[in-house]
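1. Prediction below, plus the sequence it came from.
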Amino acid sequence: MTESLGFKWISEQTRIVPVQAFKVVSSLGATRKSLHADGLAQEIYPAQFRPEPTIPGHLTFALKYEIVHLEFLSRLFSTIDPGILEEWIRNEPTGSFARRVGFLYEWLTGKRLDVPDAGGNYIAALPEDKYLTAARPVNHQRWRVRDNMPGAPGFCPIVYRSQQVAAVEGYDCAKALSDLEVEYGADLLIRSAVWLTTKESRASFAIEHEEKQVDRIKRFAAAMAERCGKGNDPLDVDELTALQTAILGRATRYGLRTSPVFVGHSSGYAEMVDYVAPHWNHTGELLTGLQEFLARTRQRSSILRAAVASFGFVYIHPMADGNGRISRFLVNDVLRRDGAVPEPFILPISATITNTTRAKAEYDHALEKLSKPLLSAYKDRYQFGQEVSYEDGVVSNFHFDAYHEALHVWRYPDLTSHAEYMGEVIQMTIQDEMSKEAMYLRNLERAREGVKNWLEGPNTDIDRIIRSVSQGGTWKVSDKLAKEFPALAEAEVAENVVKAIWEAFNQGTNSISTSR
């Protein structure tokens, strides 16, 4: 039988099982070996690495060789006899791992260990080369620890600096946009921004299968254009409600919810639950923690911050309605406030997400990184029963009896894979979606100029001709178009108009669609 090490050993000994899987599972073996699959690592160590068969021994091993798992530590520290840690700390008053554990225990639980203040040189709570941390750590004198936790005890996501996360941190949005400006010109990029704002709105509704709601799309586009990166902190309750109102327009209820909520879908006559959101009594604390995260990580990677803001918000699900749209608004809001994406640009990330069936599935898969294990752990803890009327006017028959147990997950989510995903989406958005739009506008200008060498008219007529000729790659004047514009019935005019349009959209590039 394999002998586990680190967090896995402690989990087996205490029977405390986290909802989020350990990203690193260590065990003893004949030789040192690493196996990686689906973002998880299996690390095998020879016998000389075996720690003392105690919780302090395996905590030391875990902090030294594995990835910090705040959810598990929160569960462990709420259950463990504090005397185990107090004895360890008294025996090693200057030990770096004992001090880190002492700090994390008090930070996570709000309880004080019965030990004297520690000595030694200051050490970081989290190794800064391995995790997204606070930009300005605060010295914690009692433990001689630099508190660089990225969030607050009420909400502190972990983002491990994997190779993909490191690549995300190295991606410069502003430079990528500047390169597009050099290639296409400032005027074209600014004009494309207007269309992309509407496109982002339409695609955001497509994620929620409501893309035919024209007025709502325009309203969300206006909110994006008018509010993104402006005003006070959008996560302040008043600002959040104002943003929600701007997005929803006339609605049945606004503000923070005071009722249960789940995300699900219907399967026949049955209601299937995909995700359960935190208890409404905790949404304020979780939102405050998300604000603290954004404050503490300011000047760190804007993309990582935007990813945590977006996914953190959608998991907290604090509003009565509009949570998905607000979560996607927050991506652009963080990037704009950080100066990573200058005004007036709006990154159409939702367009990238909905670009293909596969892309949409990848977004769902990113959300399932937390929702799936949560539902798996608590699948027997919810039910549909008696209807209850709640303070916000909601009448619900959904009941969940594991809010307190699941709070460890909602407070301390590992959002590493979410940050990796959002980094890829943002890079694809700039290099594909925005580049494609700028190229389209440039080619449209060329096509207009070419057509007007043979046929004058307002841009609305010329654009109608361009769309018809290029529709489906036909590159010909249809009988219908010739009847609408009689000059095109002349063979020479028709031939040269088609040639001008074809050259505009194929000159030095691959053919692209001219339809919107």
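-> Done, it's in. Numbering: from 1, shown residues only.

2. Give me the most central residue, the protein.
-> Centrality entry for the chain: nearest residue to the mean C-alpha point is A307, 3.3 Å, by C-alpha atoms, centre = their mean.

3. Look up phi and psi at it.
-> phi -60, psi -50 (degrees, to the nearest 10).

4. if I look at the residue nearest to it when sequence neighbours are not counted, how far off is D81?
-> If the residues on either side of it in the chain are set aside, A307 comes closest to M422, at 3.6 Å by C-beta to C-beta, 6 or more residues apart in numbering. Every residue, glycine included, has its C-beta placed from N, CA and C. According to C-beta to C-beta, to the nearest Å, M422 and D81 sit 40 Å apart.

5. Could you do Q299 as well?
-> Computed as C-beta to C-beta, the Q299 to D81 distance reads 41 Å.

6. Low-confidence ranges, the stretch 201-350 of the chain, go.
-> Scanning the stretch 201-350 of the chain for pLDDT under 70 picks out the ranges 201-216, 250-252, 266-269.

7. 90 - rerun?
-> Counting by pLDDT under 90, the ranges of the stretch 201-350 of the chain that qualify are 201-232, 239-256, 263-272, 319-326, 328, 342-350.

8. Show me where it has its helices.
-> Ranges of helices within the stretch 201-350 of the chain are 214-227, 237-248, 280-296, 302-316, 323-337, 349-353, based on DSSP state H, counting those that start in this stretch.

9. before we move on, the earlier item: higher neighbour count, M422 and D81?
-> Neighbour count, other C-beta atoms under 10 Å: between M422 and D81, M422 has more, with 24 against 9.

10. The residue nearest to A307 against A306, yeah?
-> Yes: using C-beta atoms under 8 Å as the test, M422 is close enough to A306 to be in contact (6.6 Å).

11. where do the contact lists of these two overlap?
-> Jointly contacting M422 and A306 under the rule C-beta atoms under 8 Å, 6 or more residues apart in numbering are V331.

12. thinking again about what came up before, give me the pLDDT value at the residue nearest to A307.
-> You'll see M422 listed with a pLDDT of 94.

13. and if you look at the one 5 residues further on?
-> pLDDT for Q427: 93.

14. Compute the inter-axis angle for the helix or strand where it lies and helix 323-337.
-> Applying DSSP states H and E as the criterion places Q427 in helix 416-428. Counting by axes from the mean of the first three to the mean of the last three C-alpha atoms, to 10 degrees, helix 416-428 lies at 70 degrees to helix 323-337.

15. buried set for helix 416-428?
-> For helix 416-428, the neighbour count (16 or more other C-beta atoms under 10 Å) marks 416-428 as buried.

16. Farthest-apart pair in the residues you listed, please.
-> The span of the buried residues of helix 416-428, defined through C-beta to C-beta, is set by T416 and M428 at 19.1 Å.

17. Can you give me the pLDDT of Q507?
-> Note for Q507: predicted pLDDT of 73.

18. Ignore what I typed, I meant V68.
-> 97.

19. Tell me the spacing between it and F103.
-> To F103, V68 is 12 Å away according to C-beta to C-beta.

20. before we move on, what about L240?
-> 32 Å.

21. Where does L188 sit: helix, strand or coil?
-> At L188 the chain is in helix, as set by DSSP: H, G, I helix; E, B strand; the rest coil.

22. Tell me the pLDDT of it.
-> You'll see L188 listed with a pLDDT of 79.

23. Please report the distance of it from Q386.
-> L188 is 60 Å from Q386, where distance means C-beta to C-beta.

24. Which of those two has more residues huddled nearby?
-> Comparing L188 with Q386 by other C-beta under 10 Å, the one with more neighbours is L188, at 20 against 8.

25. doesn't Y440 make contact with the more buried one?
-> No: L188 is beyond contact range of Y440, at 9.5 Å (criterion: C-beta under 8 Å).

26. what stretches of the stretch 401-516 of the chain score poorly on pLDDT?
-> Within the stretch 401-516 of the chain, the ranges that satisfy pLDDT under 90 run 429-445, 470-474, 476, 505-516.

27. which stretches of it form helices?
-> Assigned by DSSP H, counting those that start in this stretch, the stretch 401-516 of the chain shows helices spanning 403-411, 416-428, 435-452, 459-470, 479-484, 491-506.

28. For the ones you listed, please prepare a markdown table with the additional fields distance to L40.
-> Formatted as a markdown table, these follow (distance: least, C-beta to C-beta, whole Å):
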| stretch | distance to L40 |
| --- | --- |
| helix 403-411 | 18 |
| helix 416-428 | 10 |
| helix 435-452 | 35 |
| helix 459-470 | 48 |
| helix 479-484 | 58 |
| helix 491-506 | 46 |
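
29. out of those helices, which comes closest to D392?
-> Of these, nearest to D392 by C-beta to C-beta is helix 403-411, at 17.0 Å.

30. other SSEs contacting the closest one?
-> The elements that helix 403-411 packs onto, with contact taken as 3 or more C-beta pairs under 8 Å, 6 or more residues apart in numbering; DSSP states H and E, are helix 70-79, helix 280-296, helix 357-377.

31. Can you lay out these as JSON lines showing distance to P486?
-> Compiled in JSON lines, those are given as follows (distance: least, C-beta to C-beta, whole Å):
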{"stretch": "helix 70-79", "distance to P486": "72"}
{"stretch": "helix 280-296", "distance to P486": "61"}
{"stretch": "helix 357-377", "distance to P486": "43"}
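
32. could these go into CSV alongside mean neighbour count?
-> Converted to CSV, the helices and strands packed on helix 403-411 look like this (neighbours: other C-beta atoms under 10 Å):
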stretch, mean neighbour count
helix 70-79, 20
helix 280-296, 20
helix 357-377, 15
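
33. who wins for proximity to A176 among those?
-> Per C-beta to C-beta, nearest to A176 of these: helix 357-377, 19.5 Å.

34. what's the offset of that closest one from the middle of its chain?
-> The chain centre lies 12 Å from the centre of helix 357-377; the measure is C-alpha atoms, centre = their mean, to the nearest Å.
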